[in-house]
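**Q** structure of the sequence below:
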Amino acid sequence: MAKNEAVKNEGTAPEAVDDKKVSATAKIKDEGGNVVEEVTEEVNYDFGSNLDEAVQKFGAEVVFTNFKQSATIALQGRMRAHISQGARGTDLQAKVDEWKPGVKSMTRKSPSDKVKDLLSGKSPEEIAKILQEAGIAG
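**A** Purely as a prediction, here's the structure:
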């Protein structure tokens, strides 16, 4: 591949392999946007083994800034999930107030609850049509 071919480099987020190894995969694209090569590399990088070591190596401000950026992205994801389930305004705020970074606590709807939500407020005719389209009823 010629140097000019690799115009765009679209990578994935680094994935921690162990305490000191970090790997990343990048998709090398040509001028047309077609992936011409996928490259995975691994490097050693010492982030520290715990909070105290990280603060000692990089400083409290850097550690906190990186934590805040990561936690903000996680919170936005949690907000999107709640919004897609109908949470708005004070209801959304109440759910966010219960959230803690790194703790998975959001309950998923059961398949039966999803079906109930889908069918609620529908006429018997609309329900029959949905079931027929799904191949459940004749």
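**Q** before we move on, what SS does Lys114 have?
**A** helix (DSSP: H, G, I helix; E, B strand; the rest coil).
**Q** any idea how far Phe58 is from it?
**A** For Lys114, the distance to Phe58 equals 44 Å [CB to CB, to the nearest Å]. Yep, even glycine has a C-beta here, placed from its N, CA and C like the rest.
**Q** neighbour count for the two, which is higher?
**A** Phe58 (14 against 11; other CB atoms under 10 Å).
**Q** for that one, give me its contacts.
**A** Gly48 (CB atoms under 8 Å, 6 or more residues apart in numbering).
**Q** what's the pLDDT at it?
**A** Phe58 carries a pLDDT score of 97 in this model.
**Q** so Pro101 touches Leu75, yeah?
**A** Yes. The pair Pro101 / Leu75 is scored as a contact, 7.5 Å apart, by CB atoms under 8 Å.
**Q** joint contacts of those two?
**A** Counting by CB under 8 Å, 6+ apart, nothing touches both Pro101 and Leu75.
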